[in-house]
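Chemist: Below: sequence and its predicted model.
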Amino acid sequence: MNASPDRPTLRVGLVSPRPLPGSLVEHTRALVAAVADDVALVTTSRGGWFAVAVTASLRDGRGGGTGAVDAHLRTELVGPATALGVDVGVTTGALAQDGPGLLVMDVDSTLITAEVIELLAEHAGTRTEVAAVTERAMRGEIDFADSLRERVATLTGLDVAVLADVRAAVELTPGARELVEAVHAGGGRVGVVSGGFVEVVEPLRAGLGIDHAVANALEVRDGRLTGRTLGPVVDRAAKEAHLRRWAAADGVPLERVVAVGDGANDLDMLGAAGFGVAFRAKPVVQEEADAAVTFPRLDAVWGLLGH
């Protein structure tokens, strides 16, 4: 759909692991028709999920601008969609028209299924202790940098060889590779920013062809982990800063940046992006994000975008 500057594109994506209820699709079409013209429905389902994109051209003179339309449609759709087990995303303007120019994702429990610190802690015999701290940090109950120091300290003395075992145990979240490929096929760039560790993130970046990556680094002496990290901690503020830096370097306006994460440590970057997605996230993250994917397919983010 081609939209003029005064008639921006509106796109609503409905996605679910099950076939979409016809009643919800019709309800969405009617809501969109009330604020836009040239309404079109396209099935965008892929392996692992079902989806429909409702696209239209916003009418001139919409009071409050596209942001008001986004908020209105989300308010009207999220309740019934959630009740029916459907995730919904509403985008307008350049993101709806052209798709994401940059996708930035968290790594642990987003790009991959596990928390790497917990896989390492398994080798140290401290997984239960570390998992409890991780949970509190993801809910935003404790400072991330403090939680990282506390958890990494339990790894003191581990042989560096365990990193190879952990790398071998890491599994991509279903749909992760497909999402990266979809963004690249659309001309966009992909970055990952992690409170985890570069020793695991870098091989993932290389294997998936990801354009940007940053993570914490574990300190090693005499072949063993010291229980400390090197350099500034990649925390909540750092994640946002890297997202902004990559967007500027790639020449992508923030309105065409999509961020995906699952914990409180991701909230600042989700807020800075034009479209923030909570992926199987804690309630505090779902409440603040623009949209949520509630089932374990990372490429369902593409469905939320209506592509």
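Modeler: Done, it's in.
Chemist: Kindly state the domain boundaries assigned to the chain.
Modeler: The record assigns the chain these domain ranges, following automatic domain parsing: 1-98, 104-243.
Chemist: and those domains as JSON lines, adding distance to residue 281?
Modeler: Any C-beta I mention is one placed from the backbone N, CA and C, and that applies to glycine too. Listed next are the domains of the chain as JSON lines, based on distance: least, Cβ to Cβ, whole Å:
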{"stretch": "domain 1-98", "distance to residue 281": "12"}
{"stretch": "domain 104-243", "distance to residue 281": "8"}
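Chemist: closest one to residue 289 among the ones you listed?
Modeler: Taking Cβ to Cβ as the criterion, domain 1-98 is the member of those that comes nearest to residue 289, at 10.0 Å.
Chemist: Ok, which of the domains of the chain comes nearest residue 256?
Modeler: Within these, the stretch nearest residue 256 is domain 1-98; the backing value is 5.2 Å (Cβ to Cβ).
Chemist: Tell me how many other residues crowd the closest residue to residue 17 other than its chain neighbours.
Modeler: In space, not counting the residues next to it along the chain, residue 17 is nearest to residue 295; the distance is 4.7 Å by Cβ to Cβ, 6 or more residues apart in numbering. Using other Cβ atoms under 10 Å, residue 295 has 17 other residues around it.
Chemist: which ones are touching residue 295?
Modeler: Shown here is residue 295, whose contacts under the criterion Cβ atoms under 8 Å, 6 or more residues apart in numbering are 16-17, 49, 87, 280.
Chemist: List only buried entries from those residues.
Modeler: Listed as buried from the contacts of residue 295 are 16, 49, 87, 280; burial here means 16 or more other Cβ atoms under 10 Å.
Chemist: Sitting in strands, which of those do you find?
Modeler: Counting by DSSP state E, the buried ones among the contacts of residue 295 place 16, 87 in strands.
Chemist: Format the buried ones among the contacts of residue 295 as CSV; extra columns: distance to residue 176 and pLDDT.
Modeler: Compiled in CSV, those are given as follows (distance: Cβ to Cβ, whole Å; pLDDT from 0 to 100):
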residue, distance to residue 176, pLDDT
16, 19, 98
49, 14, 98
87, 17, 98
280, 13, 97
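Chemist: tell me which residues of stretch 230-243 are tucked away?
Modeler: 233-236, 238-243.
Chemist: quick one: contacts of it?
Modeler: Residues outside stretch 230-243 that contact it (Cβ under 8 Å, 6+ apart): 102, 104, 106, 144-145, 148, 191, 193-195, 212, 214-219, 257, 259, 261, 264-269, 271-273.
Chemist: And for stretch 41-52?
Modeler: Residues beyond stretch 41-52 that count as contacts (Cβ under 8 Å, 6+ apart) turn out to be 13-20, 25, 28-29, 53-55, 174-175, 178, 295, 297, 299-300, 302-303, 306-307.
Chemist: Mind checking which of the residues you listed land in helices?
Modeler: Counting by DSSP state H, the contacts of stretch 41-52 place 25, 28-29, 178, 300, 302-303 in helices.
Chemist: Quick check: the two most widely separated of those?
Modeler: Longest distance between any two of those is 27.1 Å, between 29 and 178; criterion Cβ to Cβ.
Chemist: Give me the distance from stretch 82-101 to the chain's centre.
Modeler: Centroid displacement of stretch 82-101 relative to its chain, using Cα atoms, centre = their mean, to the nearest Å, is 13 Å.
Chemist: Residue 87 and residue 16 touch, don't they?
Modeler: Yes. Judged on Cβ atoms under 8 Å, residue 87 makes contact with residue 16 at a distance of 6.7 Å.
Chemist: what about residue 67, neighbour count?
Modeler: 11.
Chemist: ranges for the strands of the stretch 151-300 of the chain?
Modeler: Using DSSP state E, counting those that start in this stretch, the strands of the stretch 151-300 of the chain run over 189-197, 212-221, 224-230, 257-261, 275-279, 291-293.
Chemist: got the buried residues for the fourth one?
Modeler: For strand 257-261, the neighbour count (16+ other Cβ under 10 Å) marks 257-261 as buried.
Chemist: Next, the angle strand 275-279 makes with the worst-scoring helix or strand of the chain on mean pLDDT.
Modeler: Each helix and strand of the chain was given a mean pLDDT (mean pLDDT, DSSP states H and E); the minimum falls on helix 65-83 at a mean of 88. Interaxial angle, helix 65-83 versus strand 275-279 (axes from the mean of the first three to the mean of the last three Cα atoms, to 10 degrees): 20 degrees.
Chemist: Show residues contacting helix 65-83.
Modeler: Applying Cβ under 8 Å, 6+ apart, the set of residues contacting helix 65-83 from outside is 8, 10, 12, 14, 24, 27-28, 31-32, 35, 58, 62, 87-88, 90-93, 290.
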